[in-house]
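Q: Have a look at this prediction, sequence included:
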Amino acid sequence: MTIYIDADACPVKGEAETVATRHKVRMVVVSNGGIRPSRNPLVESVFVSSGPDEADKYIAEACGPGDVVVTGDIPLAAKCVGKGARVVKHNGEELTAANVGMALATRDLMQDLRAADPFRQGGGKMFSRADRSQFLDVLDRVVRAAGRGA
């Protein structure tokens, strides 16, 4: 099992490393630069070229059944779920075969609404301590389940 982190703009890299260390699981942090490599021997940094979606392409190609992917990118999540990986968003929401289609449709709808109204301001809610705590709990549970093959 490997935990893959879509690291660009990921607010929970430290929490994911804590879980990886607790379970003695390899973690691969994928970004296109600007992230300090960890000294943890379980954590590997992969730097991809700076083109659009290069980190996503790497993760989608590398992950498979039994792996866990941490991302907020819904199209990437859909690809990873399709390959049998388990996916956890930064806020602790788990994306599965049962709900990733709806998440993708919602993302596309919201993108269309934003494009139709150029004056629309603001966005989602701020990332909170509760989100961070929820992420830790869910990632720990998902890693344990993936380790059992459940």
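A: Great, that's in hand.
Q: contacts, neighbours, all on C-alpha from now
A: Will do.
Q: Now for this protein, the helix or strand with the poorest mean pLDDT.
A: Across the helices and strands of the chain, mean confidence by mean pLDDT, DSSP states H and E is lowest for helix 100-116: a mean of 64.
Q: in the top helix by length along the chain, what's buried?
A: Ranked by residue count under DSSP state H, the longest helix found in the chain is helix 129-148. Neighbour-count burial for helix 129-148 flags 131, 132, 134, 135, 136, 138, 139, 140, 142, 143, 146 (criterion: 16 or more other Cα atoms under 10 Å).
Q: Tell me the helices and strands packed up against that helix.
A: Secondary structure elements in contact with helix 129-148, counted by 3 or more Cα pairs under 8 Å, 6 or more residues apart in numbering; DSSP states H and E, are helix 13-23, strand 68-70, strand 86-88.
Q: what does it contact?
A: Residues from elsewhere that reach helix 129-148 (Cα atoms under 8 Å, 6 or more residues apart in numbering): 1, 12, 15-16, 19, 23, 66-68, 86, 88-94.
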